[in-house]
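# please work out how this folds:
(2 chains)
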Amino acid sequence: MAVVRERGYSHWDGRLTERRFPWGPITRTGIRLAFRKKGFKFAFAGAFLPAFVALGGLYVSERLEDFKSLVQSNRALLEIDPSYFKLFLTSGPVLFTLVLVLVFAGSGLVADDLKHNSLQLYFARPLGKNDYIAGKFSVVAFFVILLTALPWLLLVVFKLIFAGSFAFLLAYPWLPLSIIGYSAFLTAFFGAYVLLLSASSRNTRYVMVLIFGVYYFSAILALFLKSIFRTPYMSLFSIPANLGQAGAAIFGQKLPLAVPAGWSFLVLAGICLLAAVVLNRRVHGVEVIK
Amino acid sequence: MSIEVKDLSFRYGPIVALDGVSMRLGEGAVGLLGPNGAGKSTFLRILLGFLVPERGGGKVLDYDIRRDQARIRRSVGYMPESDCFVAGMDAVTFTAYFGELSGMPRQEAMKRAHEVLYYVGLGEARYRLLDTYSAGMKQRLKLAQALVHDPRILFLDEPTSNLDPTGRAEVLELIRDIATNRSIQVILSSHILDDIESICSSVVILNKGKLAAEGRMDELRAIRYSLYEIRIKGDGEAFRSELESRGCRVEETEDRLIKVYMPEGADRMDLFRAAVRTGVQLRAFVRSRTSLEDLFADVVGVD
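This is a model prediction of the structure:
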């Protein structure tokens, strides 16, 4: 053990300030810690792959004559309209890579603090419970926005560049808003979903399995129930199906499920509500055992 | 007064943790003493705003403990009892992080983190991952994060728990240095009497959620009883019975030194009278200081 007082103590002559967003350091640190995790950078880079594929599609769609031999049978796929964006944004690969990134970045957000008793350190600072949750939520929000809104808005810009005109934007002026709206919706849902599961256990590995497992198990469960009860309402048990349904509603496309979109919003809002209740119960400066 | 509470009460379900505690704590190092479950940690947690008192209230540095929690937390440092850290961080990042959360500018927090880590003796290990730290190092780290924003009051909850004798001595030396030289008021909660006795000038003793004693250490020692250490030749049992009948508490050490605790107001000549009455010779007679252990045993009601 090192010698005590290698250098003397001195008072700090600065001044403590009240931050507008006191949770800022929590978010910044959460993001930085995510990049230090093994395998995260690989998952993060992989999450941009669908956007690159979509970018390729956009390019080919504007150069159909050059790629005639390649796209003969898939011409319909390369008609770029809002359904193209909706198709990609609600597609399995995009949501899979997003969930994968959140498994790494979000699993330990609350679970690690519970495991290592560090909540009391946070709350010994001028931070409230809402500040703490906002800080952790913003970590998830950062990754969701970075992997959805940002690349897909850039794709709209690329579409305009490849086309060399604003015709596409004039035809679908609401498309950027739909992308932002869907991204905001995904942010709210995944923020609540990840924090809910992260707060439900002290074991980060268990939470990682839960984030991935609950998401895909819900889809399997919905399929199973649908085959038994033969009603489309059973699809509401599936998180991916509900996200797809919500996406279609936001992009103004044909709904993939034969149920009103409001039901899907309701189910996802229910998960968010559950997250709020669980976080409120689990996040305390001190654990009070009654 | 830096801390003032009145009629502070709190219960965990049916268990009363604090029951109408009122006190005023001034400058200097104050020991918060009591057996396990006495309410010491609960008291600190209420002052920090982790728990809301069921009844009563108080002030820390003139800030109300119910309304001005953020201001209180900005002005105090807290070293919790249990091990706590943020996984995946090194000591500098960890300490600077909590400095920032206290309201320090980012660069200042980082600079200050280096300083306090050197101060607590973690200078060489400051870039090591916290997951690899020993119990003693984690204890120092907790002290560093409590000091990083240069608090006016330092709450230390069982700072020497889980430490080996060397580690304990080193942490105590640090706390003593802070308490005596650094114009930071230290509130030291512990059930280890030696820790309190070696650092604090005042003590508050809690027992079963109630205030059992409060005051300056020397005053508390003096007012309760007088301690005499004597050696005798003759029938020790009879002498002991005679003293006990006069209201004294008598203890005998292994080397046959007899400690006589005479209640407040008792006449020391009673000792000699008892000796005459039982026919024993007094071979040594010394007035001694009462220890905190004696005081603690007296107010908490254990031998």
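# show the pLDDT at A:Arg75.
Looking at A:Arg75, its pLDDT is 57.
# typed the wrong thing, it's B:Gly13
Here the pLDDT value assigned to B:Gly13 is 86.
# likewise for the one 3 residues further on?
In the predicted model, B:Val16 carries a pLDDT score of 89.
# ok so it is a strand residue?
Yes: going by DSSP: H, G, I helix; E, B strand; the rest coil, the assignment for B:Val16 places it inside a strand.
# any weak-confidence spans in the chain?
Picking chain A for this. By pLDDT under 70, the weakly predicted segments of chain A are A:1-8, A:65, A:67-78, A:285-290.
# sorry, should have said chain B
In chain B (pLDDT under 70), the answer is B:1, B:182, B:221-224, B:289-291, B:293-294, B:297-303.
# which stretches of it form helices?
Using DSSP state H, the helices of chain B run over B:40-48, B:69-75, B:91-102, B:106-119, B:135-147, B:165-181, B:193-199, B:217-224, B:236-245, B:269-278, B:292-300.
# okay if I get the ones you listed as JSON lines plus distance to chain A and mean neighbour count?
From N, CA and C alone the C-beta is placed, and that goes for glycine too. JSON lines is the format used below for the helices of chain B (distance: least, Cβ to the nearest Cβ, whole Å; neighbours: other Cβ atoms under 10 Å in any protein chain shown):
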{"stretch": "helix B:40-48", "distance to chain A": "5", "mean neighbour count": "25"}
{"stretch": "helix B:69-75", "distance to chain A": "4", "mean neighbour count": "21"}
{"stretch": "helix B:91-102", "distance to chain A": "4", "mean neighbour count": "26"}
{"stretch": "helix B:106-119", "distance to chain A": "4", "mean neighbour count": "20"}
{"stretch": "helix B:135-147", "distance to chain A": "6", "mean neighbour count": "24"}
{"stretch": "helix B:165-181", "distance to chain A": "5", "mean neighbour count": "17"}
{"stretch": "helix B:193-199", "distance to chain A": "15", "mean neighbour count": "19"}
{"stretch": "helix B:217-224", "distance to chain A": "25", "mean neighbour count": "15"}
{"stretch": "helix B:236-245", "distance to chain A": "43", "mean neighbour count": "16"}
{"stretch": "helix B:269-278", "distance to chain A": "45", "mean neighbour count": "15"}
{"stretch": "helix B:292-300", "distance to chain A": "24", "mean neighbour count": "19"}
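# save these as JSON lines, and put in distance to B:Ile153 too.
Converted to JSON lines, the helices of chain B look like this (distance: least, Cβ to Cβ, whole Å):
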{"stretch": "helix B:40-48", "distance to B:Ile153": "9"}
{"stretch": "helix B:69-75", "distance to B:Ile153": "7"}
{"stretch": "helix B:91-102", "distance to B:Ile153": "13"}
{"stretch": "helix B:106-119", "distance to B:Ile153": "16"}
{"stretch": "helix B:135-147", "distance to B:Ile153": "10"}
{"stretch": "helix B:165-181", "distance to B:Ile153": "11"}
{"stretch": "helix B:193-199", "distance to B:Ile153": "15"}
{"stretch": "helix B:217-224", "distance to B:Ile153": "19"}
{"stretch": "helix B:236-245", "distance to B:Ile153": "44"}
{"stretch": "helix B:269-278", "distance to B:Ile153": "44"}
{"stretch": "helix B:292-300", "distance to B:Ile153": "22"}
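# with respect to A:Arg36, which of the ones you listed lies nearest?
Between A:Arg36 and those, the shortest separation by Cβ to Cβ is 10.3 Å, and it involves helix B:91-102.
# A:Tyr182 against A:Phe251, yeah?
Yes: when contacts are counted by Cβ atoms under 8 Å, A:Tyr182 is listed as touching A:Phe251 (6.9 Å).
# what touches both of those two?
Common neighbours of A:Tyr182 and A:Phe251, counting by Cβ atoms under 8 Å, 6 or more residues apart in numbering or on different chains, are A:Leu89.
# helices or strands next to the strand or helix carrying A:Ala275 in the packing?
Applying DSSP states H and E as the criterion places A:Ala275 in helix A:261-282. Secondary structure elements in contact with helix A:261-282, counted by 3 or more Cβ pairs under 8 Å, 6 or more residues apart in numbering or on different chains; DSSP states H and E, are helix A:108-115, helix A:175-198, helix A:239-250.
# which one of these lies closest to B:Glu229?
helix A:108-115 (51.8 Å).
# past the closest one, which element shows up next along the chain?
That would be, after helix A:108-115 and using DSSP H and E, helix A:119-123.
# now the helix or strand that comes right after that following helix: buried residues?
Using DSSP H and E, the helix or strand that follows helix A:119-123 in sequence is helix A:129-147. Within helix A:129-147, the residues scored as buried using 16 or more other Cβ atoms under 10 Å in any protein chain shown are A:131-147.
# centre of the chain versus whatever helix or strand A:Tyr215 lives in, how much separation?
Element membership for A:Tyr215 (DSSP H and E) is helix A:204-229. On the basis of Cα atoms, centre = their mean, to the nearest Å, helix A:204-229 sits 17 Å off its chain's mean C-alpha point.
# pull out the buried residues from that helix.
Buried-residue list, helix A:204-229, by 16+ other Cβ under 10 Å: A:Thr204, A:Val207, A:Met208, A:Leu210, A:Ile211, A:Phe212, A:Tyr215, A:Ser218, A:Ala219, A:Ala222, A:Leu225, A:Lys226.
# nearest to chain B, of these?
A:Thr204 (8.1 Å; Cβ to the nearest Cβ).
# ok, the closest one - contacts?
A:Ser107, A:Gly108, A:Ala111, A:Asp112, A:Lys115.
# just the buried residues of these.
A:Ser107, A:Gly108, A:Ala111, A:Asp112.
# return the distance of the third one relative to chain B.
Okay, so that is A:Ala111. If you measure A:Ala111 against chain B using Cβ to the nearest Cβ, to the nearest Å, the figure is 10 Å.
# distance of that residue relative to B:Val52?
Per Cβ to Cβ, to the nearest Å, A:Ala111 is found 26 Å from B:Val52.
# likewise B:Ala274?
Taking Cβ to Cβ as the measure, B:Ala274 falls 54 Å from B:Val52.
# could you do A:Ala192 as well?
27 Å.
# between these two, point out the one with more neighbours.
More crowded of A:Ala192 and B:Val52, by other Cβ atoms under 10 Å in any protein chain shown: A:Ala192, with 22 against 10.
# wait, doesn't that one sit right on A:Val278?
No: the pair A:Ala192 / A:Val278 is not scored as a contact, 9.6 Å apart, by Cβ under 8 Å.
# which helices and strands does the helix or strand containing A:Ser61 pack with?
A:Ser61 belongs to helix A:49-62 when elements are defined using DSSP H and E. Packed against helix A:49-62 by the contact rule (3+ Cβ pairs under 8 Å, 6+ apart) you find helix A:82-89, helix A:92-106, helix A:149-163.
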